[in-house]
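need coordinates for the following:
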Amino acid sequence: MNAPAAKPKHNRGKIVAGIIAGLFLLVALNVGVSVLMAGLADEEPATEAERALLLDVAALTDGMDFEPDPAMEVAKRIEYLDGSYELDYTYDDPREEAPYVTYVLSHERKAADAVATYATQWGAAKLMLKASPESLELVEKEGTFGWGEQSSFGIMHSENGPVGNVFVARKRKLVVYVVISGLYYDDLETFADLVVPYLERAEAHLRTR
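Residues are numbered from 1 along each chain as shown. Presented below is the predicted three-dimensional model:
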């Protein structure tokens, strides 16, 4: 696996605050008013098998001079009343040198729902970053991902340069959404080398359910 591009310098606190605020917007747009009103059907910690499907900070920082703090990791499973569900992983560490990571696998009831989720997540990512305190710009990068029917990959830019990545992809009823801040990949192919094995494991896991 190729190493990620060098970690940029940035005001991590402001960027993470913007990302977290935007994620609430993303959830509201993606889930819809009716489901939000009804509430979650169930939320519980991810099982060990589910946890293995989620790209985490250890994989992202492999080979880098950084020691992740397991106490800063949260991995959970969320089941919605309409039958869809998500596996969510977040790494939010207050240390200045620590990256911020969100990795979400969404399994929708129908492929059409997954198409809508994919479009909403990418569009909302652009909006949330523009509305962040540092007014980040998401610059989409062309490339071949090699998994799924749709994918979008971009680099987040502040006025000081690149600060992270946003990635969304869909295959049938499965959608993956990734936000990274504090390190970044400058091309899709390099990022795919890391992420595709996790998505292939997720597909295999879903077939056994």
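
for the residue nearest the centre of the chain, which residues are in contact?
The centroid of the chain falls nearest to residue 178 when counting by Cα atoms, centre = their mean (1.8 Å). Contact partners of residue 178, counting by Cβ atoms under 8 Å, 6 or more residues apart in numbering, are 55, 101-104, 165-168, 195. In short, each C-beta sits where N, CA and C put it, glycine included.

do residue 171 as well
Applying Cβ under 8 Å, 6+ apart, we find residue 171 in contact with 147-149, 199, 203.

SS state for the residue nearest to the centre of the chain?
The three-state label given to residue 178 by DSSP: H, G, I helix; E, B strand; the rest coil is strand.

and residue 140, how far from residue 190?
Noted for residue 140: a distance of 16 Å to residue 190, by Cβ to Cβ, to the nearest Å.

returning to what we had before: for the contacts of residue 171, pick the one with the most neighbours.
Tallying neighbours with other Cβ atoms under 10 Å puts residue 199 at the head of the contacts of residue 171, with 21 neighbours.

OK, contacts around that residue?
Going by Cβ under 8 Å, 6+ apart, the list of residues near residue 199 reads 147-148, 169, 171, 174, 176.

report the two of those residues separated the most.
147 and 174 (9.9 Å; Cβ to Cβ).

can you pull out the strands in this structure?
Along the chain, counting by DSSP state E, strands occupy 40-45, 73-80, 85-92, 100-107, 137-140, 150-158, 161-171, 174-181.

which of the ones you listed sits most buried?
With neighbours taken as mean count of other Cβ atoms under 10 Å, those reach their highest mean count in strand 174-181, at a mean of 25.

give the contact list for the closest residue to residue 114 other than its chain neighbours.
Leaving aside its chain neighbours, residue 114 sits nearest to residue 108 (4.3 Å; criterion: Cβ to Cβ, 6 or more residues apart in numbering). Going by Cβ under 8 Å, 6+ apart, residue 108 touches 84, 114, 117, 173-175.

nearest to residue 65 among the residues you listed?
residue 175 (33.2 Å).

how near is the residue nearest to that closest one when sequence neighbours are not counted to residue 204?
The shortest distance from residue 175 to any non-neighbouring residue, by Cβ to Cβ, 6+ apart, is to residue 106 (4.4 Å). From residue 106 across to residue 204, the span is 17 Å (Cβ to Cβ).
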